[in-house]
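S.K.: Just to be clear, the model below is a prediction. Sequence and coordinates:
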Amino acid sequence: MYKMMTPGPTMVADSVMQARSRKFGNPDVDGDFCEEYHQVCRSLAELLHTDNEVYILGGEGILALEAACASLTEPGDKVLVIDNGIFGKGFADFVTIYGGCPELYTVDYHKPVEVDELRRFLEKHHDYKYATVVHCDTPSGVLNDIRSICPLLKEYGILTVVDSVAAMFGEEVRVDDWEIDVICGGSQKALSAPPGLAFVTVSEAAMQAMEQRKQPIASFYCNLLTFKNYYRDKWFPYTMPISDIYGLAEAVRLVREDKNRIERHQRIAAAVRETMKKAGLSLYLEYGDAATVTVIRVPSGIRDTEIIETMKEKYGILISGSFDVLAGKVIRLGHMGNNAKVEDVADMLSALTKTLNELGFVCQCEMGHMFQSQYSTQE
C-alpha cells in the first residue's frame, strides 16, 4: 500500500481505525450514541473557538458546502461568490441550483484576495444576502484571510459562508472572533479521519435566516434546519454513520492533544517552499500559500502524470495533480494533519528528487535533506 501525501485524504492513525471497529448499536434510537455525537460536536466547537452549534453530516466535505447554500438560498437571493480559485468559483453552482443569483467577485488566482480591494468593491456593491469564501482553495493552495474578510462582510450585514475544509486544524480558525456565520469542514483533510463526514458551525444569525425563509428549503438531506433540535429530541433526520463518527471522535481527540499543530504546519510549509526554490522548482502562487499544501509548476518537458505515477509505483508515495484550469500544469504536495510530520515530508521530497532526476529535470539539491535542514533552522 502506498503512503498518501496528497492534500486530502490523508493518512489515518491506527487508533482512529480501531475506534471505527467498535461494536455499535442503533444510532436512530440509542441515547448513548446521541450523547457521544453531541460531545464530538462540542469538541469541534471548542477547537474552532465558537459557541455556535456544530452539526456533523453524513457525507463527504462538499456536502457541508451544498447544505450551507441550500439552507440559506431562496429563489432570487443575490449571493456574492468570492472567486480566486476553482473551489471559490464552484460555490456559484450551488447558489444557482437552489434558485439564487450568484455574482462573482473574480480576482487573480495566483494570490489571495486583497482585503482593501474587496473593501472598495463592497462600498458600491453590498446588496447580498450572504457571501461565500474559500479559506484554502486546495487546487492552487491559496490561503484567504478570513480573519479580515468575514468581519468586513459583516460590516455590510452580509452573512458569511466559509469553506475551510482544507485549512482548519492546519491553520488557525476562530469562528466567533472572526464573525463567521457558517464554516464548513470535512473529516479527510487535516483532521485525518477517513472521508465520509462533513460538519458545519451555524451562527444564530444564519439560523434565523434559515428559519425566516418565505419558501421551504428545496432539499431534505441538505437541510441544516433538520438538525436544529436533534439533541433536545434525541432524534436525527437520517441514520447517522455511527462507525464513522466513532472514528471522528478519536481523530478530534488526537487534534486536541496536539498542542503545537498550527506551529508545526507553518514550519513544515515554510521549509517545503524554501526547499522547492533551492531545488530550482517554481511555486504556482506569487504569495499567500496555505500551510496544508504546496503547489508547484510541472517542469517543462515532463507530464504531471509521469511524476505522479513514478512516485507511486516506484517509491510508494502518492501525490496529486490538479484539475479544471490547472489540469496538467501543477502537482500538489500535501503536508496536513497526520501527514504534517518531518520524517514523512522528507521521505516524500527525497522520492520527488529521484523522480524528477529520472524524468530529466535535474534538481539543484537533494530535497529531503534540504527540507530537514530548512526545518531545523527555524528552531
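M.R.: Received the coordinates, thanks.
S.K.: all helices in the stretch 251-379 of the chain, in order from the N-terminus.
M.R.: With DSSP state H, counting those that start in this stretch, the ranges of helices along the stretch 251-379 of the chain come out as 261-279, 304-315, 342-359, 367-377.
S.K.: Out of these, flag the one nearest residue 102.
M.R.: Judged by Cβ to Cβ, the one of the helices of the stretch 251-379 of the chain that comes nearest to residue 102 is helix 304-315, at 30.5 Å. (Each C-beta comes from the backbone N, C-alpha and C, glycine too.)
S.K.: For the closest one, could you pull out the residues that count as buried?
M.R.: Judged by neighbour count (16 or more other Cβ atoms under 10 Å), helix 304-315 contains these buried residues: 304, 306-308, 310-312, 315.
S.K.: about what we covered before: include mean pLDDT and distance to residue 44 when you put the helices of the stretch 251-379 of the chain into TSV, please.
M.R.: Listed next are the helices of the stretch 251-379 of the chain as TSV, based on pLDDT from 0 to 100; distance: least, Cβ to Cβ, whole Å:
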stretch	mean pLDDT	distance to residue 44
helix 261-279	97	15
helix 304-315	98	33
helix 342-359	98	25
helix 367-377	96	29
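S.K.: could those be laid out in JSON lines, adding distance to residue 26?
M.R.: Output for those, formatted as JSON lines (distance: least, Cβ to Cβ, whole Å):
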{"stretch": "helix 261-279", "distance to residue 26": "35"}
{"stretch": "helix 304-315", "distance to residue 26": "40"}
{"stretch": "helix 342-359", "distance to residue 26": "39"}
{"stretch": "helix 367-377", "distance to residue 26": "48"}
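S.K.: picking up where we left off before, need the max-distance pair from the buried residues of helix 304-315.
M.R.: Longest span within these, Cβ to Cβ: 304 and 315, 16.1 Å.
S.K.: ok now do residue 118, which residues does it touch?
M.R.: The contact partners of residue 118, taken as Cβ atoms under 8 Å, 6 or more residues apart in numbering, are 82, 105, 149, 152.
S.K.: closest to residue 269 among the residues you listed?
M.R.: Nearest to residue 269 among those, counting by Cβ to Cβ, is residue 149 at 20.7 Å.
S.K.: who touches residue 104 in this structure?
M.R.: 81, 83, 89, 92.
S.K.: Tell me which stretches of the stretch 1-150 of the chain form strands.
M.R.: With DSSP state E, counting those that start in this stretch, the ranges of strands along the stretch 1-150 of the chain come out as 3-4, 53-57, 78-83, 101-106, 130-134, 136-137, 142-143.
S.K.: of all those strands, which lies closest to residue 192?
M.R.: Across the strands of the stretch 1-150 of the chain, closest to residue 192 is strand 3-4 (Cβ to Cβ), at 10.4 Å.
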